[in-house]
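**Student:** just to be clear, the model below is a prediction. Sequence and coordinates:
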Amino acid sequence: MYIASFLSEQDPKSIDISQQAHRRPLSPATDCSPLVEYDEKSTPQRFIRSGIPRTNAVDRQRSRLFSPPVPPPSPAEAAPAALTVWLKSLLFNCNGFTVFDSKGNLVFRVDEYARSGNKGEIVLMDAAGNSRLTIRRKKLSLGEHWQIYDGEEAANPLFSVRKYVKFIQSNSKSLAHVSPCVSPPGTASGSDGGEGFEVEGFYAQRCCQVYDGRRRVVAEIRRKEDVGGAAFGLDVFRLVVQPGFDVAVAMAIVIVLEEMFGSRRSEFRV
């Protein structure tokens with residue numbers, strides 16, 4: 001737990017919008033005082049309590065006062081998921097990943113023994129050790145081609161990830177293309193449009209973005225900020241996942257990027 005708290009700092013507490021609204025002083029246009037109307041015969045103005053407005057201004061005031069309030073969005077639904085990824089297994093003599101949430105809780109893990117016979121296959125597990133996704137390298141394919149499966153027993157892949165190949169010198173930031181093989185739950189609804197996702201950036205510098213078919217960022221890899229004078233290297237970084245996109249799928253994409261462009265990319269090769 002010391003490692004988890006060291007790698008993940010607490011996020012700022014979400015602001016209670018409803019409490020803010022109660023504390024904010026009301027303007028005259030939204031004051032909850034009784035409705036008033038203007039009596040043209042009075043000089044100066046005389047305000048008479050009435051339940052029947054006679055002017056457009058009072059109509060607008062009544063509409064503002066008595067229209068049903070719009071509930072604020074839930075902070076859990078609106079806020080992106082900020083994960084801390086550590087390129088290290090918590091088990092001795094293992095290679096892998098350890099992933100914490102913003103509160104320091106273990107979320108995902110990958111434990112691969114250095115001399116295991118499961119080369120070319122990586123299993124993403126949750127904190128309890130249950131298999132979430134399996135990443136397998138496709139054999140006999142041109143270029144690097146990885147597939148993401150649901151659990152360990154699924155026969156059909158959910159996603160196919162191909163490394164972007166630059167035949168000529170180019171300034172393109174494209175790293176890989178993620179194609180959905182099916183329409184799994186948990187991915188951004190209506191975001192891929194059958195076109196899949198593009199991964200762009202520089203993984204070696206821990207600066208990558210995952211774009212959907214509408215060029216919206218659904219996941220992002222960032223450098224870990226220094227905390228309390230402690231500098232983090234490339235083995236510790238952030239994974240920020242937007243609402244509506246499955247964090248397990250985002251983590252699987254990170255694992256594939258490590259296999260394609262990371263310093264340990266030969267450890268799981270066939």
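**Tutor:** Arrived safely, thanks for sending. Numbering: from 1, shown residues only.

**Student:** just to be sure, residue 254 is in a helix?
**Tutor:** Yes. The assignment for residue 254 (DSSP: H, G, I helix; E, B strand; the rest coil) places it in a helix.

**Student:** who are the contact partners of it?
**Tutor:** Residue 254 makes contacts with 85, 97, 221, 239, as judged by CB atoms under 8 Å, 6 or more residues apart in numbering. C-beta coordinates here come from the backbone N, C-alpha and C atoms, glycine included.

**Student:** what of residue 174?
**Tutor:** Residues in contact with residue 174 (CB under 8 Å, 6+ apart) are 164, 198, 199, 200.

**Student:** most neighbours of all these, which one?
**Tutor:** residue 199 (25 neighbours; other CB atoms under 10 Å).

**Student:** pLDDT wise, what is residue 110 at?
**Tutor:** Residue 110 carries a pLDDT value of 94.

**Student:** which of the contacts of residue 254 sits closest to residue 149?
**Tutor:** Relative to residue 149, the closest of the contacts of residue 254 is residue 97; by CB to CB it sits at 17.4 Å.

**Student:** so what's the closest one bridging to?
**Tutor:** Residue 97 has the following beta-bridge partners by DSSP bridges: residue 110.

**Student:** one step back: let's have the contacts of residue 174 in a markdown table, adding pLDDT and distance to residue 103.
**Tutor:** What follows is the contacts of residue 174, written out as a markdown table (pLDDT from 0 to 100; distance: CB to CB, whole Å):
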| residue | pLDDT | distance to residue 103 |
| --- | --- | --- |
| 164 | 88 | 35 |
| 198 | 96 | 31 |
| 199 | 97 | 28 |
| 200 | 96 | 30 |
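
**Student:** what about those, which are in strands?
**Tutor:** 198, 199, 200 (DSSP state E).

**Student:** please identify which of the residues you listed is nearest to residue 132.
**Tutor:** Taking CB to CB as the measure, residue 132 lies nearest residue 199 of the ones in strands among the contacts of residue 174, at 19.9 Å.

**Student:** show me what contacts that closest one?
**Tutor:** Residue 199 touches 174, 175, 176, 177, 178, 208, 209, 210, 211, 253, 257, counting by CB under 8 Å, 6+ apart.

**Student:** outline the domain layout of this protein.
**Tutor:** Domain assignment of the chain by automatic domain parsing yields the ranges 1-79, 80-261.

**Student:** what segments of the stretch 151-270 of the chain are helices?
**Tutor:** Using DSSP state H, counting those that start in this stretch, the helices of the stretch 151-270 of the chain run over 247-261.

**Student:** low-scoring stretches of the protein, by residue?
**Tutor:** Scanning the chain for pLDDT under 70 picks out 1-77, 114-119, 167-171, 183-194, 229, 264-270.

**Student:** strands of that one, start to end?
**Tutor:** With DSSP E as the criterion, the chain has strands at 36-38, 47-49, 81-86, 94-100, 106-113, 121-126, 131-137, 145-150, 159-163, 174-180, 197-202, 207-211, 217-223, 236-241.

**Student:** could you dump those strands to JSON lines with distance to residue 261?
**Tutor:** Output for those, formatted as JSON lines (distance: least, CB to CB, whole Å):
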{"stretch": "strand 36-38", "distance to residue 261": "69"}
{"stretch": "strand 47-49", "distance to residue 261": "72"}
{"stretch": "strand 81-86", "distance to residue 261": "15"}
{"stretch": "strand 94-100", "distance to residue 261": "15"}
{"stretch": "strand 106-113", "distance to residue 261": "17"}
{"stretch": "strand 121-126", "distance to residue 261": "15"}
{"stretch": "strand 131-137", "distance to residue 261": "14"}
{"stretch": "strand 145-150", "distance to residue 261": "12"}
{"stretch": "strand 159-163", "distance to residue 261": "8"}
{"stretch": "strand 174-180", "distance to residue 261": "7"}
{"stretch": "strand 197-202", "distance to residue 261": "9"}
{"stretch": "strand 207-211", "distance to residue 261": "9"}
{"stretch": "strand 217-223", "distance to residue 261": "11"}
{"stretch": "strand 236-241", "distance to residue 261": "13"}
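
**Student:** no further queries at this time; thank you.
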